[in-house]
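Asker: Sharing a sequence plus its predicted fold:
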Amino acid sequence: MNERCTWCGSDPLYVAYHDDEWGVPEYDARALWEKLVLDGFQAGLSWITILRKRDAFREEFEGFDPQRVASWDAARIERALQNPGIIRHRGKIESTVRGAQRFLEIEGQEGFAPWLWSFVGGQPIQNDFASMAEVPAATPESTAMSKALKKRGFNFCGPVITYAFMQATGMVNDHVTTCPQHAGVKALTVGG
């Protein structure tokens, strides 16, 4: 029985995201930061809302170039707050600027991607859940990542947000075992 994960429903945008992106291991530092930012913007909202606005976010945040976003001043933040294409939440926008600055520090010290991947031992965790009801909202690994991010100065990165981030970026494979993507994502892991 091949049934994809039920959370994506039948919306073509959501299905494409599920089939092509969700759970695929991501090792690019900039792409990881973008996903972390977008998951922070999702707080209190549905992921499909963010997904529909993702192109506008990418345009507003200059391709999620941390170097550029880190230099934003108050006027640039105000400009972003006027963009109806994104979620206009001052705290989340200011958090993105701070996050870009923290990203640059971590990238320069130990590498942002290796640091994030260290919370799962550098390899995706392969789960074998039969149904979405078995998938946790947070794990010890996401809690540890959340605490470490907050200690480094990031916001909007609680354990539930960081677990969603870990699922999306392939740090954990939470495609249910009946989903056609489960085996394909698992095969992307060295020794899968």
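Answerer: Sure thing, it's come through.
Asker: So which elements touch the helix ranked longest in the chain?
Answerer: Ordering each helix of the chain by length in residues (DSSP state H) puts helix 90-109 first. Contacts defined by 3 or more Cβ pairs under 8 Å, 6 or more residues apart in numbering; DSSP states H and E place helix 90-109 against helix 29-42, helix 66-70, helix 74-81, helix 112-117. No exception for glycine: its C-beta is placed from N, CA and C like everyone else's.
Asker: Which one, of the ones you listed, ends up nearest to A16?
Answerer: Ranking the helices and strands packed on helix 90-109 by proximity to A16 (Cβ to Cβ) places helix 29-42 first, at 16.1 Å.
Asker: angle of the longest helix of the chain against helix 29-42?
Answerer: Counting by axes from the mean of the first three to the mean of the last three Cα atoms, to 10 degrees, helix 90-109 lies at 160 degrees to helix 29-42.
Asker: Would you mind putting the CA coordinates of helix 90-109 into CSV?
Answerer: C-alpha atoms of helix 90-109 as CSV (Å, rounded to 0.1, in the frame of the first residue of the first chain):
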residue,chain,number,x,y,z
ARG,A,90,8.3,42.9,13.3
GLY,A,91,9.7,40.4,15.9
LYS,A,92,10.2,37.7,13.3
ILE,A,93,11.8,40.1,10.8
GLU,A,94,14.1,41.5,13.5
SER,A,95,14.9,38.0,14.6
THR,A,96,15.9,37.1,11.0
VAL,A,97,18.4,40.0,11.0
ARG,A,98,19.9,38.8,14.3
GLY,A,99,19.8,35.2,13.0
ALA,A,100,21.8,36.3,9.9
GLN,A,101,24.4,37.8,12.2
ARG,A,102,24.6,34.7,14.4
PHE,A,103,24.7,32.5,11.2
LEU,A,104,27.9,34.4,10.1
GLU,A,105,29.5,33.9,13.5
ILE,A,106,28.8,30.2,13.5
GLU,A,107,29.7,29.8,9.8
GLY,A,108,33.1,31.5,10.5
GLN,A,109,33.8,29.4,13.6
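Asker: Could you check the angle that helix makes with helix 74-81?
Answerer: Counting by the same axes, to 10 degrees, helix 90-109 lies at 120 degrees to helix 74-81.
Asker: give me the number of residues near Q67?
Answerer: A total of 12 residues lie near Q67 under the criterion other Cβ atoms under 10 Å.
Asker: nearest residue to it other than its sequence neighbours?
Answerer: Closest residue to Q67 apart from its sequence neighbours, by Cβ to Cβ, 6 or more residues apart in numbering: L104 at 6.8 Å.
Asker: That neighbour: what's it in contact with?
Answerer: Listed by Cβ atoms under 8 Å, 6 or more residues apart in numbering, the contact set of L104 reads 66-67, 70.
Asker: Between those, which sits nearest W33?
Answerer: Distance to W33 across the contacts of L104 (Cβ to Cβ) is lowest for P66, with 5.9 Å.
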